[in-house]
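okay, here's the prediction I keep looking at, along with the sequence it came from:
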Amino acid sequence: MSTANETGYVPVGDLNVYYELHGAGDGTPLLLLHGGLFDIDQQFGALLPALAADRRVIALDFQAHGRTNDIDRPLGIPALGTDVVAVLRHLGVAQVDVFGFSVGGAVGVELGVRHPELVRKLIASSVSISRDGERGENTDAVIEMKVEMIAGTPMEQAYLAKSPHPDHAHLQTLLDKLGGIMEHTTGWTDDEIRGMTAPTLITIGDCDMVKIEHAARFLRLRGGDVNGDFVGVPASQLAVFPGTTHFNGLARTDLVLATVLPFLEG
C-alpha cells in the first residue's frame, strides 16, 4: 500500500469530498476515480505504489463513498464530474491524466467531453458510453441490490468503517442511488466521443458487464481499430484482460500496470 503524502476534504456545497495525494513528480498528475460501492483503497490500493512511484497521484472518494459524506442529491455522472472539477480547482491543478473504473470511468469520459482542457490522457476502464453497451442482468442486479446481499463483504465492512454515516440505512440509500445511475445514465453521443481530445485507453474484462463489441465501438469512435502497419498506431488503444469480470476488473495488478503505465508514459 502507498502511504498518502496528504489527506483532506474539499467543501463542494454540502459535500466534503475526501482526497489523498500520493507520490511526487513534475509531470502531469494522475487522477484516480473509483467505481460504485468501492473507494480509493478498495479500487486502487494495490496499484498505488507503482502508479505513484514517480508521479503525483490525486485520488478522491465520490459522494456517499469512502470518507465522503452523502447529501440529498441523486448520484449522477454530470454531478460527480462537477465535484471532481471543484476538487481540482481547490488543489490548483490545471490538467490531469485520468484513470477511472466503471462509475469513475464514466466520470472520466464526462470530464473528457465537458472539460477537455483538464484531461491530457484518459484511461476508461469497464465503462459503457451508451446504455446498449451493458449486459442487462448486471444493470438489473444493481437496481435491485439490498444491503443483505452484501452482508459480510469487504464493501460492507469498508463502508461501515469509513463512512461519515456508518449504518445500514445509509448504505441502502447508496445502493439505491447506484441503481439510479444504472437506470438513468444515458451516455454520450457519437459526436461527443469523437470530439474528445484526450488519447484514450479503454480497458475491459473478457467477461465484463460491458460487452466487448461495445468497447470496440468506443475504440473506433476514438480513432482506433485501423491497420496500424499502414496508417500508424492510433493514440487511443484497447486492452482486453483475460479471465476478468466487471467486479475484479482491476484485480490483476500485473496486467493492469503493464498496460496502464506504458500508455501514461508514451
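Cool, got the structure.

what does the helix or strand of the chain with the lowest mean pLDDT contact?
In the chain, the helix or strand scored least confidently by mean pLDDT, DSSP states H and E is helix 136-143, which has a mean of 79. With C-beta atoms under 8 Å, 6 or more residues apart in numbering as the test, helix 136-143 has contacts from Gly36, Leu175, Leu178, Gly179, Met182, Glu183, Met209, His246. Every residue, glycine included, has its C-beta placed from N, CA and C.

for that helix, buried residues please.
Using 16 or more other C-beta atoms under 10 Å as the test for burial, helix 136-143 gives Asn138, Thr139, Val142.

go on, stretch 39-57?
39-44, 46-48, 51-52, 55-57.

inside helices: which ones of the residues you listed?
Counted as lying in helices by DSSP state H, out of the buried residues of stretch 39-57, are Ile40, Asp41, Gln42, Gln43, Phe44, Leu48, Leu51.

circling back: need the buried residues of stretch 39-57 in CSV with distance to Thr253 and pLDDT, can you?
Shown next, in CSV, are the buried residues of stretch 39-57 (distance: C-beta to C-beta, whole Å; pLDDT from 0 to 100):
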residue, distance to Thr253, pLDDT
Asp39, 17, 98
Ile40, 15, 98
Asp41, 14, 97
Gln42, 14, 97
Gln43, 12, 98
Phe44, 10, 98
Ala46, 5, 97
Leu47, 6, 98
Leu48, 10, 98
Leu51, 10, 98
Ala52, 14, 98
Arg55, 17, 97
Arg56, 20, 98
Val57, 15, 98
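
and the helices in this structure?
40-44, 48-51, 77-91, 103-114, 136-143, 154-162, 168-184, 190-194, 212-221, 228-231, 253-265.

I'd say Gly76 and His184 touch.
Yes: with contacts counted by C-beta atoms under 8 Å, Gly76 reaches His184, the gap being 7.3 Å.

return the residues in contact with Val107.
Taking C-beta under 8 Å, 6+ apart as the test, what Val107 contacts is Leu33, Phe62, Ile77, Leu80, Gly81, Val84, Gly100.

again, only this time at 6 Å
By C-beta atoms under 6 Å, 6 or more residues apart in numbering, the contact set of Val107 is Leu33, Ile77, Leu80, Gly81, Gly100.

Pro49 versus that one, what's the distance?
In this view, Val107 and Pro49 are 24 Å apart by C-beta to C-beta, to the nearest Å.

do the same with Asp225
From Asp225 to Pro49 the distance is 34 Å (C-beta to C-beta).

same question for Asp190.
38 Å.

nearest to Glu6, of the ones in helices among the buried residues of stretch 39-57?
The closest of those to Glu6 turns out to be Ile40 (C-beta to C-beta; 13.1 Å).

so what's the residue nearest to that closest one when sequence neighbours are not counted bridging to?
Leaving aside its sequence neighbours, Ile40 sits nearest to Ala59 (C-beta to C-beta, 6 or more residues apart in numbering; 4.4 Å). Assessed by DSSP bridges, Ala59 has beta-bridge partners Glu20, Leu32.

number of nearby residues for Ala59?
29 (other C-beta atoms under 10 Å).

could you do the one 10 residues further on as well?
A count of neighbours around Asn69, defined by other C-beta under 10 Å, yields 18.

who's sitting farthest from the centroid in this structure?
Relative to the C-alpha centroid of the chain, counting by C-alpha atoms, centre = their mean, Phe230 is the outermost residue, at 33.4 Å.
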